[in-house]
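1. Sequence plus predicted model, see below.
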Amino acid sequence: MMPQAVFWDMDGTLIDSEPLHEQALVAVLKSLGITPPADLHDRVLGIAAFPVYEMLHDEFGLKLAFDDWIVRKYVYYMEHVGTLKPRPGAVEVFRDLRAQGTQQAVVSNSDRLVVEANMRVIGIDRPGMKTVTRNDVRLGKPDPEPFLRAAWLAEVDPSGACVVEDSWTGASAGVAAGMRTLFWPQQPAEAPPGAIYVASAEELRGHLGLD
């Protein structure tokens, strides 16, 4: 069924940026004398910056103030953002939906600085593009607030919107917002309750009514 609006996650969904986020996180921690465990990135996938910082503070003794920590991480990220590529198939779907007039928005747990840089890199930024970042809401994903704000901006009922997410955190937020939620992880994984597992860009097209 063709949705009234499609709300996209950014990191890992539209752009293959999760490896760079991991590199930035590891580089900053190592510069502070902290050796992160191998599974750290999997544990923080899709989670906003401040809860990640709190976890690092509590579990690994990170003493740097949040503002200093996030600046260091984003400096590293911005120095390398130009190397990033779209997730295969994702931008093609985005552009096909745009061509047929379907409303779309990017809804991310990242700061606006990162979201806007990513949008420029993959070529989907344009005047009037709707975005909801972590800076725009009180609560990030898995709370439904970011997706509900997107529905408000798009002037659609949540039940008529569709969410595309690659993380459990984000997909859980989409379900909680009462939206049809397509869980499209980069590696096979069980979908959160209420979400629809999507294995490929071709399947994604079908769920969005493009085939």
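-> Yep, that arrived. Numbers count the residues shown, from 1 in each chain.
2. Could I get the buried residue list for the helix or strand bottoming out on mean pLDDT in the chain?
-> Least confident helix or strand, the chain: helix 40-44 with a mean of 86, by mean pLDDT, DSSP states H and E. By neighbour count on 16 or more other C-beta atoms under 10 Å, the buried set for helix 40-44 is 40, 41, 44. (Glycine included, C-beta is placed from N, CA and C.)
3. what does stretch 136-151 give?
-> For stretch 136-151, the neighbour count (16+ other C-beta under 10 Å) marks 136-137, 140-151 as buried.
4. how long is that stretch from one end to the other?
-> Terminal residues of stretch 136-151 are spaced 14 Å apart (C-alpha to C-alpha, to the nearest Å).
5. With stretch 82-102 instead?
-> Stretch 82-102: ends 28 Å apart by C-alpha to C-alpha.
6. quick one: which of the buried residues of helix 40-44 is nearest to residue 198?
-> residue 41 (21.9 Å; C-beta to C-beta).
7. Name the nearest residue to the closest one, ignoring sequence neighbours.
-> Of all residues not flanking residue 41 in the chain, residue 22 sits nearest, at 4.1 Å (C-beta to C-beta, 6 or more residues apart in numbering).
8. Could you report the separation of the one you found from residue 150?
-> To residue 150, residue 22 is 26 Å away according to C-beta to C-beta, to the nearest Å.
9. Only alpha carbons, please: show the host helix or strand of the residue nearest to residue 41 as PDB.
-> Remark: residue 22 resides in helix 18-31, with elements defined by DSSP states H and E. Taking C-alpha atoms only, helix 18-31 is exported to PDB below (Å, rounded to 0.1, in the frame of the first residue of the first chain):
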ATOM      1  CA  GLU A  18      27.900   3.500  10.800                       C
ATOM      2  CA  PRO A  19      31.600   2.400  10.300                       C
ATOM      3  CA  LEU A  20      32.700   6.000  10.400                       C
ATOM      4  CA  HIS A  21      30.700   6.600  13.600                       C
ATOM      5  CA  GLU A  22      32.400   3.700  15.100                       C
ATOM      6  CA  GLN A  23      35.800   4.900  13.900                       C
ATOM      7  CA  ALA A  24      35.200   8.300  15.400                       C
ATOM      8  CA  LEU A  25      34.000   6.900  18.700                       C
ATOM      9  CA  VAL A  26      37.000   4.500  19.000                       C
ATOM     10  CA  ALA A  27      39.500   7.200  18.000                       C
ATOM     11  CA  VAL A  28      38.300   9.600  20.600                       C
ATOM     12  CA  LEU A  29      38.200   7.000  23.400                       C
ATOM     13  CA  LYS A  30      41.700   5.800  22.500                       C
ATOM     14  CA  SER A  31      43.000   9.400  22.500                       C
END
